[in-house]
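Engineer: output the structure for:
(one chain, ligands or ions: 1)
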Amino acid sequence: MSFHEQHPYTRYDRLIEAYERLGLRKVELATTHLDTPIVAFSKDETEFPERPPVLIAAGAHAEEAAGVIAAWRIAERPGFPGRMLFVPCRDPLGWDGIERTLGRIIGEPELKIAGHEHAVGLFREHGDVVWDRNGMAIAIVGPLAFLSFAPDHPGNRDTGEYIQAYIPEQPELVDVLKGRTLLVPGSPAHAEGRSVYGWGGGPSVYVDETGRVGNFNRFFAAEKPPVEVAALRSFALEQRPDWIFDLHENFGDRFGMYTNSAFLSRGDDVYRAMIDTVIAKGFPIMPLAELMPYLNLPEQAIIELYPGVYSANPKRRLPPDAFGVYASSIGAVCFTTEMGMERPLAYRVDATEIAVRAGLKRIEERWKAGER
Ligand SMILES: [Zn+2]
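Structural biologist: Now for the predicted structure:
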């Protein structure tokens with residue numbers, strides 16, 4: 001087997017071809033910039049034809065690479081007797097990273113970027129640099145915007161967090177980015193030998209027509225979300241899954257998850273099975289008290305239903321802006337898995353895969369017992 005066959009996820013088009021080779025049914029959800037299809041795959045064969053499908057989605061935030069790889073591994077060997085839907089990668093352009101996506105725009109799909117100065121040079125040559133201050137450059141090239149940081153820029157600590165906090169404070173920048181997706185380089189600490197301009201880089205940022213700044217796990221409640229969000233929203237609405245696993249990663253070095261289970265009074269046995277199995281396999285759990293300092297949230301906004309299982313406080317209803325919250329409006333219990341990124345990628349993939357498989361096992365047991 002070639003490297004690309006063993007690691008098809010390092011490029012979106014190859015990942016999609018690899019899912020096709022599994023014999024799953026492809027569903028075209030939408031097309032984003034550069035004629036890039038956003039697709040889902042359906043495993044139709046089922047011992048439970050009366051049950052709605054289980055949906056597994058990944059890749060909303062490119063640097064959270066473990067989710068895309070774990071979803072792929074589960075698609076390869078589902079081990080689950082029900083119908084399954086996979087959204088292999090929610091942000092194809094961000095997943096491919098700045099090198100590949102910028103390279104496609106400028107007709108050099110194998111482009112390699114040597115560093116910040118090279119990136120800025122390419123921005124100037126092929127687009128308009130709209131921001132260049134203190135080692136941070138933003139350019140519009142073709143239909144997209146691109147970001148680069150000099151190596152000593154403080155934004156490198158967490159590129160996605162930094163830029164999402166920075167843009168709203170700069171009205172001129174908000175204005176020029178309205179309606180655009182900004183591709184963000186990865187954080188060097190999480191690149192693990194990869195280029196920060198390569199695959200699994202930083203999480204793409206979207207600025208909507210009203211000037212609101214967010215990412216691809218936001219805007220689910222918006223009237224005009226980016227196409228990546230609109231596609232997943234209508235697919236979920238149409239397919240009506242009872243259960244959703246949306247695979248993400250988080251601060252820290254341990255496993256946890258968000259869920260809307262408490263809002264639907266269903267699924268506490270599923271998250272317990274997930275957490276218990278993760279612990280039994282030797283992966284530690286992130287208690288809410290240790291996660292809170294990383295989050296910029298009021299004290300009572302989140303409650304802990306079980307060790308490492310976080311929920312919005314039912315006393316404070318939130319707008320359904322993230323996919324896991326939107327799930328409530330279609331009656332689906334969503335488990336938003338969150339592996340801590342301060343671990344090697346292989347470890348994070350294992351923890352995520354183990355958690356989802358444990359959840360699927362529990363759902364199968366529920367079905368066999370005649371429960372929803
Ligand atoms: Zn995420």
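Engineer: can you tell me the SS state at residue 361?
Structural biologist: helix (DSSP: H, G, I helix; E, B strand; the rest coil).
Engineer: now do residue 131
Structural biologist: Under three-state DSSP, residue 131 comes out as strand.
Engineer: I'd say it and residue 146 touch.
Structural biologist: No. The criterion here is CB atoms under 8 Å, and residue 131 misses it with residue 146 at 10.8 Å. In short, each C-beta sits where N, CA and C put it, glycine included.
Engineer: name the residues contacting each of these two.
Structural biologist: residue 138 (CB atoms under 8 Å, 6 or more residues apart in numbering).
Engineer: neighbour-wise, which of those two wins?
Structural biologist: Between residue 131 and residue 146, residue 146 has the larger neighbour count (other CB atoms under 10 Å), namely 27 against 18.
Engineer: that one pairs with what?
Structural biologist: residue 139, residue 183 (DSSP bridges).
Engineer: please, which helix or strand holds whichever residue of the stretch 201-350 of the chain sits closest to the ion?
Structural biologist: Proximity of the stretch 201-350 of the chain to the ion (CB to the ion) peaks at residue 248, 3.3 Å away. If you go by DSSP states H and E, residue 248 is part of strand 243-250.
Engineer: the helix or strand that comes right after that strand and the ion, are they touching?
Structural biologist: As assigned by DSSP H and E, the chain's next helix or strand after strand 243-250 is strand 255-259. No. Strand 255-259 stays clear of the ion (CB under 5 Å from the ion), getting no nearer than 10.0 Å.
Engineer: and strand 255-259, what does it pack against?
Structural biologist: For strand 255-259, the elements it packs on are helix 268-280, strand 309-312, strand 333-340, helix 345-368, judged by 3 or more CB pairs under 8 Å, 6 or more residues apart in numbering; DSSP states H and E.
Engineer: so which of these comes closest to residue 180?
Structural biologist: Within the helices and strands packed on strand 255-259, the stretch nearest residue 180 is strand 333-340; the backing value is 26.1 Å (CB to CB).
Engineer: so what touches that closest one?
Structural biologist: 66-67, 242-261, 264, 266-267, 270-271, 274, 286, 322-324, 327-328, 348, 351-352, 355-356, 359.
Engineer: most packed of the helices and strands packed on strand 255-259?
Structural biologist: Of the helices and strands packed on strand 255-259, the one with the most neighbours on average (mean count of other CB atoms under 10 Å) is strand 333-340, at a mean of 27.
Engineer: and it, does that touch the ion?
Structural biologist: No. Strand 333-340 stays clear of the ion (CB under 5 Å from the ion), getting no nearer than 7.4 Å.
Engineer: repeat for stretch 79-93
Structural biologist: No. Using CB under 5 Å from the ion, we find that stretch 79-93 stays clear of the ion, coming within 9.5 Å at best.
Engineer: so who does the residue lying closest to residue 285 once chain neighbours are set aside touch?
Structural biologist: Of all residues not flanking residue 285 in the chain, residue 308 sits nearest, at 3.7 Å (CB to CB, 6 or more residues apart in numbering). If a contact means CB under 8 Å, 6+ apart, then residue 308 has 254, 255, 256, 257, 275, 278, 285, 286, 287, 288 as its contacts.
Engineer: coming back round to it: narrow the contacts of strand 333-340 to just the buried residues.
Structural biologist: With burial judged by 16 or more other CB atoms under 10 Å, the buried subset of the contacts of strand 333-340 is 66-67, 242-252, 254-261, 266-267, 270-271, 274, 286, 322-324, 327-328, 348, 351-352, 355-356, 359.
Engineer: ranges for the helices of the chain?
Structural biologist: 3-6, 12-21, 65-76, 92-105, 116-126, 159-166, 171-177, 188-191, 227-239, 261-264, 268-280, 288-291, 323-329, 345-368 (DSSP state H).
Engineer: spatially nearest residue to residue 237 (excluding sequence neighbours)?
Structural biologist: Closest to residue 237 by CB to CB, 6+ apart is residue 330, at 5.7 Å.
Engineer: based on its surroundings, how many neighbours for that neighbour?
Structural biologist: Residues near residue 330, counting by other CB under 10 Å: 17.
Engineer: contacting residues for it?
Structural biologist: 236, 237, 240, 241.
Engineer: go with 10 Å
Structural biologist: For residue 330, the contact set (CB atoms under 10 Å, 6 or more residues apart in numbering) comprises 233, 236, 237, 238, 239, 240, 241, 242, 244, 320.
Engineer: quick one, phi psi at the residue nearest to residue 285?
Structural biologist: Phi and psi for residue 308, reported as degrees, to the nearest 10, are phi 80, psi 10.
Engineer: hmm, residue 109 is touching residue 12, no?
Structural biologist: No. Counting by CB atoms under 10 Å, residue 109 sits too far from residue 12 to count as a contact (11.9 Å).
Engineer: neighbour count: those two, which is higher?
Structural biologist: The neighbour comparison of residue 109 against residue 12 (other CB under 10 Å) goes to residue 12, with 27 against 15.
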